[in-house]
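A.B. asks: My questions are about this predicted structure, shown below with the sequence.
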2 protein chains.
Amino acid sequence: MTKSRNGTAIDGYRRQFLKTAALGGVALGGAGLLAAKAPAAEGTEASSLIPPPMLVQGKPVASPPYGAPSEFERNVVRLANDRTPTPFSSWSFTPLQDLHGSITPNGLFYERNHNGVPAINPDHHGILIHGLVERPLLFSMDDLMKFPSISRIYFLECSGNSSSEFTKPSADIRWSHGLLSCAEWTGVPLAALLQEAGIRPEGKWILAEGADAAAMTRSIPIEKAMDDALIAFAQNGERLRAEQGYPVRLLLPGYEGNMSVKWLRRLKVGNAPFMTREETSKYTGLLPDGHSSQFNFVMEAKSVITRPAAGGTISGGPGLIQISGLAWSGSGKIKQVDVTVDGGRSWHLATLDVPILSKALTRFRMPWRWDGSPAIIASRVTDESGYVQPTREALLAARGPQFHYHYNAIAPWKIDAGGKVTNVYAAGA
Amino acid sequence: MTKSRNGTAIDGYRRQFLKTAALGGVALGGAGLLAAKAPAAEGTEASSLIPPPMLVQGKPVASPPYGAPSEFERNVVRLANDRTPTPFSSWSFTPLQDLHGSITPNGLFYERNHNGVPAINPDHHGILIHGLVERPLLFSMDDLMKFPSISRIYFLECSGNSSSEFTKPSADIRWSHGLLSCAEWTGVPLAALLQEAGIRPEGKWILAEGADAAAMTRSIPIEKAMDDALIAFAQNGERLRAEQGYPVRLLLPGYEGNMSVKWLRRLKVGNAPFMTREETSKYTGLLPDGHSSQFNFVMEAKSVITRPAAGGTISGGPGLIQISGLAWSGSGKIKQVDVTVDGGRSWHLATLDVPILSKALTRFRMPWRWDGSPAIIASRVTDESGYVQPTREALLAARGPQFHYHYNAIAPWKIDAGGKVTNVYAAGA
């Protein structure tokens, strides 16, 4: 068995990292890939060496009936925030560095709860629509299911995702960007329910209240409610998980995550925003001029390289790697993603996975031949509105030091000679 | 609190099933929806009644670290086939009747295993490409990750899905259609690996072999391998589940499921099909003229109503319901789905969820006002090639009584006066 490594340019990735196996009677197995000998299923010189898993009968079907990840992936889990005073008003982070594609599996979807995850029996749950409406209505879950529903793929991002980056940048992408996920949601367009209740002419805002112990409440502008808002009851094909709002949640595509009120129990139509706790003391930002920025709904376009990513290491040393990451915009579709591997001196157009969907995560990729010397890599998204992801410097200048939400700056990762990847802005990096 | 039910036509579904809640000082709660009294988060006449989950702190974040479905959905599981001689060469069925949208969560993805699910350590696994190639190659998983990958949403359907319907139709959609699922797959285009190895001019077929105890093998035409075939390592964002081929599988979009060989260890290029067990004694069909139909790759266009579905019941009695189901084609995109509610006398165009993707499940929906009398409902798909899903009679006439694969006929469900839903063709239905 011979091995070859031939250098190549970025776009000429072929042949540089492959092991060429000369099979002319030379036994494979030196790499531990093929170990045991056994009769072959189909006789060839190669199949005369059979790996151990083929020699024992595997597990039966449906074990367990609701499946679980491979035992070799047991470290791929949500990461609970250990920096909050309690685990009830807290976050758990999606392990972006271990994910592929654009869908987040439900078991790894990030959480932001304000007073724990309630256990709600759907048979005892309803949604009330009242306030400035012609006909106050109370819907059971069975009632809701009788409305026409739709399914759409949308991202959710916490308003506070990356907030560490304003002041004390995180050394690890799990902390810096993990309050971000994406799923296929199924639900009833909120517009259909509101049409049923009949909004009075003076109705301009809607209070959404959750049935959790925080009574999470936010004010939704009527225009969003009548646009693409969903009353969602399913996620990635199955009913919502408890921590995602079971049995039903609001889903406001492109808006900061907390507004997609979970465990939804009530919608009250009013003529002005309701000035709830979560839009006065929280989820507002102090600007440099002393004013507060309130009602920061739309999550601005953002992107991040998830592999290689801060907190990780490039394994296998210099050679070709596939840079991969996620891009999204609360305003619509992604138009393009540029990637730099020289600290921003030059940028290269990344490949985007299709279909590119509005207000959904889009996976981007770019092959790169790392020569083993220190480098700074980063991605920069432009959305269909023409908005370009800002640098951290530009963002800080605009927002000032007291603003702790909607951090969407370019995230540069530094790669050292050993392949260790760190956040350029993190202490000690 | 008053309730009203006013009849309406199919397209005028509004107001017929809603409970109107007169809130003028009348206490809600008769329906058990709102039970306990407590201080309100935002003072209104409605929020003065607070449901019990709001009065207790919920569960902390990331409990468990890899999330699980709601405790109220514990019956939504894969159903192991109890009709096979062993649970190792067997199936588990996806509970289509409980699913929404088009993505199947990984925990509910159907299985077809030929000798159990192996536990394969990815560090000891490789893929060999040999036979009629210029450069025999052995890839470790790390090597594979260095190739450019893509993510795409594709369905998988077992060749034997609905095979019961040829001879002894099933009373329940779980048995009749549950060998069908859909996911976002991430992998390396097989064409890229084959290009690396260099296929000799006489190479026309590829043997794919799995590292399971069945040494599952199938022959793949080179045209498919060079088209949209993937070497897939992730599903719905995370690495493959063990039962879906961890750490790596072949994925042949639109082809019968067994050809997407799981636990892939070897690809051998040859000049003819390899005539493996699974394409001679199995996965072929005896035609009426005595010939065998071999290499039935593409899954023909098919659709089925999943709600209401055989084995279930329409709850809540007569009134408006939302008919919903799935349509797909191994040849490309779905063009349209028609639904009948009168046993095929008239057909109505269903709404299709967007985006409509090639070789993926497409969710269709149609509102229907059921008047409580017995009815027969069914769906019929037309794909972009113009192919129309056949009736059972037409399919049986073409295939004959000895053919047990690729059943794709229209599936009519009978609804009786009590709302019970049965398979029209099942015994006793």
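C.D. replies: Received, thanks.

A.B. asks: Please identify the residue of the stretch 101-250 of chain A positioned nearest to chain B.
C.D. replies: Closest approach between the stretch 101-250 of chain A and chain B, counting by C-beta to the nearest C-beta: A:Gly116, at 2.7 Å. (C-beta placed from N, C-alpha, C; glycine too.)

A.B. asks: hang on, isn't that residue packed against B:Met54?
C.D. replies: No - using C-beta atoms under 8 Å, A:Gly116 is not in contact with B:Met54; the gap is 10.7 Å.

A.B. asks: quick one: low-confidence parts of the stretch 51-200 of chain A?
C.D. replies: For the stretch 51-200 of chain A, no stretch has pLDDT under 70.

A.B. asks: the strands in it, which residues?
C.D. replies: Under the criterion DSSP state E, counting those that start in this stretch, strands of the stretch 51-200 of chain A are mapped to A:79-80, A:90-93, A:111-113, A:126-131, A:137-140, A:150-157, A:180-189.

A.B. asks: Run me through the strand neighbours of the shortest one, direction for each.
C.D. replies: Applying DSSP bridges, strand A:79-80 is found paired with strand A:90-93 (antiparallel).

A.B. asks: Reformat the strands of the stretch 51-200 of chain A as CSV; add mean neighbour count.
C.D. replies: Formatted as CSV, the strands of the stretch 51-200 of chain A follow (neighbours: other C-beta atoms under 10 Å in any protein chain shown):
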stretch, mean neighbour count
strand A:79-80, 18
strand A:90-93, 24
strand A:111-113, 24
strand A:126-131, 24
strand A:137-140, 23
strand A:150-157, 24
strand A:180-189, 26
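
A.B. asks: Show me the one of those that comes nearest B:Asp142.
C.D. replies: strand A:79-80 (24.4 Å; C-beta to C-beta).

A.B. asks: quick one: contacts of the closest one?
C.D. replies: Strand A:79-80 has contacts (C-beta atoms under 8 Å, 6 or more residues apart in numbering or on different chains) with A:87, A:90-93, A:95, A:174-175, A:178, B:60-62, B:65.

A.B. asks: go again using 10 Å as the cut-off
C.D. replies: Strand A:79-80 is contacted from outside by A:87, A:90-95, A:108, A:110-111, A:172, A:174-175, A:178, B:60-63, B:65, using C-beta atoms under 10 Å, 6 or more residues apart in numbering or on different chains.

A.B. asks: do stretch A:285-297 as well
C.D. replies: For stretch A:285-297, contacts defined as C-beta under 10 Å, 6+ apart pick out A:159, A:166, A:218-221, A:224, A:252, A:254-256, A:259, A:273, A:275, A:279-280, A:283-284, A:330, A:396-406.

A.B. asks: let's see 8 Å
C.D. replies: So stretch A:285-297 is in contact with A:159, A:219, A:221, A:224, A:252, A:255-256, A:259, A:273, A:279-280, A:283-284, A:330, A:399-406, going by C-beta under 8 Å, 6+ apart.

A.B. asks: Just give the closest residue to A:Arg277, not the sequence neighbours.
C.D. replies: A:Thr217 (7.3 Å; C-beta to C-beta, 6 or more residues apart in numbering or on different chains).

A.B. asks: A:Asp227 too?
C.D. replies: A:Ala191 (7.5 Å).

A.B. asks: Provide a list of residues in contact with the one you found.
C.D. replies: Shown in contact with A:Ala191 (C-beta under 8 Å, 6+ apart): A:225-227, A:229.
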